[in-house]
Every structure is written in C-alpha cells, then in structure tokens.
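Undergrad: need the 3D shape of this:
(one chain, ligands or ions: 1)
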Amino acid sequence: MRQVVKNLAYSLSKPFSLNFLRKLSGEQFIFPLYHLVSNNPPAHVKNLYNVTPVKHFLNDLDFLLQNFQPASINDVINYIKEGKKSTKPFFFLSFDDGMRECYEVVYPILKQKGLEAAFFINPAFVDNKNLFYRSKISLIIDQIQKNGKIFELSDFLKIYPISTAKVIDKISTLKYSDIDIIEKAGKKIGIDFNEYLDTYKPYMTLLQIKELQENGFLIGSHSYDHPKFWEISELEMREQIKSSFDFIDNIIQLKVRSFAFPFSDIETPISFFNFLTEEIKLDVSFGTAGIKIDTEPVHIQRIPMDVELKSAERIIKKEYGYFVFKFLFGKNLINRK
Ligand SMILES: [Zn+2]
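TA: Below you'll find the predicted structure:
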C-alpha cells in the first residue's frame, strides 16, 4: 500500500525538480541505507532483499555527489545538536548487517571517493560465527528452488498435499523464535549452515571491522543477532543492545555511539529510546522509514535504497514527493507512546 501511494506521489512530483521538492520539504539532510553491493547476489540474501550491482551503486554515488554534499560523522552529530536541522543539502551513507562485501566492495569505493559512512554490525555474526535467521531461510528457499526435493520438508512442516509454493510460503514466514524449526528444515533439505559459513564467509571479520574504524568509518550496533524488535519484549530488546555494545566496546574505542534498528523501529516505545540515551549513552540511532520527521531527538530515519532496484535519483525524488504529499495530510511526523 505504501509503495502504491509513494508511486502516486512520485508521479505527481515528476514535473518538479529535486531542488524544488527539497526546499519545499525543508528536509536537507538525507541518509541512504544499503545492505549489500555486489554483482553476484549470494544465496543467503537473494530471497530477502535486492543486492545492488556495483555499477548501479557507482551511479547512485554520482547522483548523490552531484546533488548533495557528502557529510562527515561530525556533520551528523552537529545535525542532531541543531535539532535535526540543516541549511545545506547533505547525504550520509550507512550499510547494515556487516556483510563481507562491505569490506571487499564498498570500502574501497568509499575510500577512493573520500566518503565517510557507517557500518552497523551484529556481533553474533562477526567472524562468521553464526548466520542471520532470515539468511538461513533464504538458503532453504534457494535449495528448494534448485533441487525441488520437498517431500521430507513438506512432511516436516505438515503441508499436504505437497506444494512447492506452500512450502516456500511457510518457510518465508518463520520467525526469529522459530529458529529450531528453521535449523531442522535446513537439515531436512540437506543444508549445513556451518559449512556454508565456513566456505562462503558471508560476514566481515573482526580485523576487517577494526580496519574500517581505523580508517575513519563509524561502526555501530545493529542489535546482537537481528530479531524483529516488535516481536520481542522490551527486556529482550535491552539485552540485544547491551550485549552488542559489550562486544563492540571490547574491540573498539567508540567516539560516537550509534545503533541502527534491525528491520524497523515500528512500535518501539519511548521508554526504550530513553534507555538508549540514558543507559547506553547513545549519540545517534537510525530507523528505516524514509524521509520523515521523528520526534525522538537523537533518532534519524534513513532511506532504504535496495527495497526496489531503482536509481538513487528516482528513489530520492520519490521520497521527497511522498514527504511533500503527506505534508498536505499532516502525516509526516512519527509520534511515539
Ligand atoms: Zn539488518
């Protein structure tokens, strides 16, 4: 539904320039968010989100550099200090999930262009110790599509009569708390997740993360092992944050304490934001709701760039169009309880 309204807003905003829409919106500072930049979408993500091809990413950067100034981490902190107001058009990139392509593909490009950025990591996956539960799901779906032998899996999930589509549907909807079922389903279809971790090595190592930090990039928490926060209790949410910062504080001297919500910050209570600033001493947190005004003082919404594989020009103009469109209905503000 949101995509439909966004597309409508985009169509309506087409006759106007980005500059005009940006001025009208009053939102000068944008925060594009990516996961994985690569020409070869790996099996553990290809059923989850779009992988941005290298050329596509380079074109996005060209567009951003032509229309916005690259922001430093200090600019982000100043933006917060100024009450999330900026007189200049800025962009600041971030990359979630700590995939090894962040180090191998993104890092050299950013370094060459002299751009600062943030990388949000999950300690549970660093050094390829474990695999994100959704990535396990992606691997299972990939295996089903490859060998089509779903008899055992169908029986295990009690799907009768056997239907590949229904098995994939069921697997796709398994949750963080269904990890035992996901593990067993993997075994039934002949996947060894540990072997996959050892051979493919999807994530960055500790040494690579340290190198990024030493080269001026911001390393932040993306929770401990990436649950949907609206599916766990506030106590569990706090544990996710504490254990992730225990890990990060142990390896890195953080000048800026940052956290990006896994998936989304939807339904997050104010008490949790207070915990982040008061107990974790967080300087900045990030969501994924696009261009939006957020009433939480140190919380910033980012623009997901890989939900659909469209150019940065189109996605960002659409976001501005949507923002201005919603302004007419007073729907630009995120208010929390
Ligand atoms: Zn993530």
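Undergrad: from Asp60, how far off is Val106?
TA: Counting by CB to CB, to the nearest Å, the gap from Val106 to Asp60 is 12 Å. Yep, even glycine has a C-beta here, placed from its N, CA and C like the rest.
Undergrad: swap that for Gln145, sorry
TA: According to CB to CB, Gln145 and Asp60 sit 29 Å apart.
Undergrad: those two: which has the busier surroundings?
TA: Neighbour tally, Gln145 and Asp60, criterion other CB atoms under 10 Å: the higher count belongs to Asp60, 22 against 13.
Undergrad: would the more buried one count as being in a helix?
TA: Yes - under DSSP: H, G, I helix; E, B strand; the rest coil, Asp60 falls within a helix.
Undergrad: ok, now which ones touch it?
TA: Asp60 sits next to Pro32, Thr52, Met305, Ser311, Ala312 when contact means CB atoms under 8 Å, 6 or more residues apart in numbering.
Undergrad: cutoff 10 Å now
TA: Pro32, Tyr34, Val37, Thr52, Leu93, Met305, Lys310, Ser311, Ala312, Glu313, Ile315, Ile316 (CB atoms under 10 Å, 6 or more residues apart in numbering).
Undergrad: find the nearest non-adjacent residue to whichever residue of the stretch 51-200 of the chain sits closest to the ion, please.
TA: Closest approach of the stretch 51-200 of the chain to the ion (CB to the ion) occurs at Asp96, with a separation of 3.9 Å. In space, and not counting its chain neighbours, Asp96 is closest to Phe120: 4.8 Å by CB to CB, 6 or more residues apart in numbering.
Undergrad: I figured that neighbour was touching Ser258, is that so?
TA: Yes - the pair Phe120 / Ser258 is scored as a contact, 7.5 Å apart, by CB atoms under 10 Å.
Undergrad: got the residues of the stretch 201-337 of the chain near the ion?
TA: Counting by CB under 5 Å from the ion, the positions of the stretch 201-337 of the chain adjacent to the ion are Pro262.
Undergrad: the stretch 201-337 of the chain: helices as residue ranges?
TA: Applying DSSP state H, counting those that start in this stretch to the stretch 201-337 of the chain gives helices spanning 206-214, 234-251, 270-278, 312-327.
Undergrad: next one: the residue most central in space within the chain from Ser243, what distance?
TA: Centroid check for the chain by CA atoms, centre = their mean gives Asp96 as the closest residue, at 4.4 Å. Distance, Asp96 to Ser243, using CB to CB: 18 Å.
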